[in-house]
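[1] quick one, fold the following:
(chains A, B, C and D)
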There are 2 protein chains.
Amino acid sequence: MTIRDVALASGVHVSTVSRTFSAAHMVNPETRARVMAAANELGYRPNRAARALSTRRTGNLGLIVADIANPFFPPLIKAAQAQARVRDYHVFIADTDEQARVEEELVRSMAKQVDGALLVAPRLSNRTIAELGRDVPFTVVNRRVKNLPCVLMDVASGVRQAITHLADLGHRDLTVVTGPRASWTGQELGRAAAERAAELGLGLHLIGPNPPTEDGGATAAEEVVELGGTAVLTHNDLMAIGLIRGLRHLGRQVPRDMSVIGVDNTDAGRHSDPSLTTVDMPTSAAGRTAIDLLLQSVTLGGTLGTVSLDTGLVARESTGPAPG
Amino acid sequence: MTIRDVALASGVHVSTVSRTFSAAHMVNPETRARVMAAANELGYRPNRAARALSTRRTGNLGLIVADIANPFFPPLIKAAQAQARVRDYHVFIADTDEQARVEEELVRSMAKQVDGALLVAPRLSNRTIAELGRDVPFTVVNRRVKNLPCVLMDVASGVRQAITHLADLGHRDLTVVTGPRASWTGQELGRAAAERAAELGLGLHLIGPNPPTEDGGATAAEEVVELGGTAVLTHNDLMAIGLIRGLRHLGRQVPRDMSVIGVDNTDAGRHSDPSLTTVDMPTSAAGRTAIDLLLQSVTLGGTLGTVSLDTGLVARESTGPAPG
DNA sequence: ATGAAAGCGCTAACAA
DNA sequence: TTGTTAGCGCTTTCAT
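    This next block holds a predicted model:
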């Protein structure tokens, strides 16, 4: 079924058919009706690839993410996809397996096929991102890149609340278990924690980088104990859960001997035992907003600056009064 | 950067450039080297949309799923995406929000843009799927559709183990909390449970359909208690977790007063309190296999029958001896 | 082994 | 408002 078939069936020229689908207002209502009737009859649908060839707009977006199976991302992906659908865009989703090289290759191989791409928590350097950004409009989530629209989850606000929460509970000596070095969120987290700890006159140690996995958290348990603090903030919930497990193996109970706070507010943290005190990230909002920003920059051609979304603290069972 | 630029730069005709990229063996090694050099120099990449127009093969696949944020799906999506990448395919991912209509519309709107699509746990009727399958090669995951390649997770094997496990613990009266009516897995689950219960001479009640969510499980708690059984099998982990919460509100402890088994073996179940006994689904393998099947049917044009993957039981804390 | 030319399905000036 | 025509970037006969 092509535009020609519809043209034939409705007794008009192909360009008229084309117009009824891409600029309906430019065609006589009666003709339009006839064309639509024929199109429906034949089950015609415009071929987006062909359209892309002449318009240079594909109607597709790319969404590149470090790890689809990391429970932090699915709500974001879902929201982004839904928002894109509202605007009649299709979205390619690709998983980089946390590898910068894969990420770059993915962007390159998608570049020609999309009108823009969302880079979620990228592992690439800002320099590379800026460079690739000359080929494809980007929007970046969870990283600040100059001259690119960014959606930031302001982890700092939540982290400050977390540190305050710990101080209120009497903790004076904290440990931060960081994630991958390339993670912007991770850096922000470390920075905000250090700053707030200093303000409150608390001691603070950093451990890392570590893989952002449950095992990564478990492995850090030993060092956490050695450092002697009474409370820990980890890069994400998964690591917090792993850490709690690791601590248990070393004979430490949470929150009795040690308080633990995660980041992400995932299901796993909500259901774990003890349930996890965690920094809540506005992932769905971020996905939606990022698509909006991306489409604005695609259609309007400009860069729309940075949107920062607040984070909060969800206090549950994994934090308690400092021991002793 | 188009094929013309490369042709110009390397002093050959466009068709020769085309051949070096799509049928390298048809071009003189020396010429090929010259062309490749020029292409690399210019950073040329074939435009897949243009290629699609003449070859009628897009190099894209669709992956349609009921709910990206349902923790059951991300590992499957990840595996599918990775496998597609290995074969140099890009993947559109779309979320139907559990709605059959959305699913159909999504398939239709993608049809022209993909070489094939994966329907994961579809909510559409077999008839509609078969009908749509005439436009696009499909592979279906978690549903058996005649004449279409299917990847089934044989939930029956795991469910039989689950029922046996409960019987071994002394339970004689079971309840099954089902999910959405359109779910193939759900029907299989009900069937297998009933069959195995009959074999073992156990009583069995069905409750449903219910939304496959935590709240769906919580809501079912009251009816579960009324029915008077001592063990429950739910459609998925999320519902099991919700059910346990609901039971707790009604003053029932798990597993002391009631044993609960979920399905999916998700993170949430692993970390919940009590940790969940659950039927483990081979989701990653299913994703990988489904892509393989799909690509075979795309490239070879045939239907490759059905692959069934075994499921197992993971016994944890939410099941225990029957009370009394 | 390479070049020439037609065409994939659609859009976008330009004419009428 | 509608028809005409020339491509978009690539592949694929058919010649050479």
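
[2] kindly check the end-to-end length of stretch A:132-150 for me.
    Distances were taken as C-alpha to C-alpha, to the nearest Å; on that basis the terminal residues of stretch A:132-150 are 15 Å apart.

[3] which residue does the stretch 201-324 of chain A have closest to DNA strand C?
    residue A:299 (13.2 Å; C-beta to the nearest atom of the strand). Quick note: C-beta positions are derived from backbone N, CA and C, even for glycine.

[4] tell me the SS of that residue?
    Under the three-state scheme (DSSP: H, G, I helix; E, B strand; the rest coil), the conformation of residue A:299 reads as helix.

[5] pLDDT score assigned to it?
    According to the model's per-residue confidence, residue A:299 sits at a pLDDT of 86.

[6] please tell me how far it sits from residue A:87.
    Distance from residue A:299 to residue A:87, counting by C-beta to C-beta, to the nearest Å: 9 Å.

[7] next: residue A:203.
    Applying C-beta to C-beta, the value for residue A:203 to residue A:87 is 50 Å.

[8] show the contacting residues for the residue nearest to the spatial centre of chain A.
    If you average the C-alpha coordinates of chain A and look for the closest C-alpha using C-alpha atoms, centre = their mean, you land on residue A:120, 4.2 Å from that point. If you count contacts by C-beta atoms under 8 Å, 6 or more residues apart in numbering or on different chains, residue A:120 has them with A:63-66, A:73, A:76, A:141-142, A:290.

[9] so for these, which is the shakiest by pLDDT?
    Note: of those, the lowest pLDDT belongs to residue A:142, at 90.

[10] so for the spatially closest residue to that one that is not a sequence neighbour, what pLDDT did the model give?
    Once flanking residues are discounted, residue A:142 sits nearest to residue A:121: 4.4 Å by C-beta to C-beta, 6 or more residues apart in numbering or on different chains. We have a pLDDT of 90 for residue A:121.

[11] around chain B, pick out the residues from the stretch 201-324 of chain A.
    Listed as neighbours of chain B in the stretch 201-324 of chain A under the rule C-beta under 8 Å from any C-beta of the partner chain: A:241, A:266-275.

[12] swap in 7 Å and give it another go.
    Proximity of the stretch 201-324 of chain A to chain B, by C-beta under 7 Å from any C-beta of the partner chain, involves residues A:241, A:267-268, A:271-273.

[13] right, and residue A:186 touches residue A:234 too?
    No - because the distance of 10.1 Å does not satisfy C-beta atoms under 7 Å, residue A:186 is recorded as not touching residue A:234.

[14] okay, the two: which has more neighbours?
    When neighbours are counted by other C-beta atoms under 10 Å in any protein chain shown, residue A:234 comes out ahead of the other of residue A:186 and residue A:234, with 33 against 25.

[15] contact partners for that one?
    Residue A:234 makes contact with A:177, A:217, A:240, A:243, A:260, A:262-263, according to C-beta atoms under 7 Å, 6 or more residues apart in numbering or on different chains.

[16] please see if stretch A:58-69 touches chain B.
    Yes - counting by C-beta under 7 Å from any C-beta, chain B has neighbours in stretch A:58-69: A:58, A:68-69.

[17] low pLDDT regions in the stretch 201-324 of chain A?
    Residue ranges of the stretch 201-324 of chain A with pLDDT under 70: A:303.

[18] now the helices for it?
    With helices called from DSSP state H, counting those that start in this stretch, the stretch 201-324 of chain A shows them at A:214-227, A:237-249, A:267-271, A:283-300.

[19] could those be laid out in JSON lines, adding distance to DNA strand D and mean neighbour count?
    Shown next, in JSON lines, are the helices of the stretch 201-324 of chain A (distance: least, C-beta to the nearest atom of the strand, whole Å; neighbours: other C-beta atoms under 10 Å in any protein chain shown):
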{"stretch": "helix A:214-227", "distance to DNA strand D": "42", "mean neighbour count": "20"}
{"stretch": "helix A:237-249", "distance to DNA strand D": "42", "mean neighbour count": "25"}
{"stretch": "helix A:267-271", "distance to DNA strand D": "44", "mean neighbour count": "24"}
{"stretch": "helix A:283-300", "distance to DNA strand D": "18", "mean neighbour count": "21"}
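
[20] residue A:141 contacts residue A:122, correct?
    No - when contacts are counted by C-beta under 7 Å, residue A:141 is not listed as touching residue A:122 (8.4 Å).

[21] phi, psi of residue A:22?
    For residue A:22, the backbone dihedrals are phi -110, psi -10 (criterion: degrees, to the nearest 10).

[22] mind listing what residue A:53 touches?
    Applying C-beta under 7 Å, 6+ apart, the residues near residue A:53 are B:49-50, B:53.
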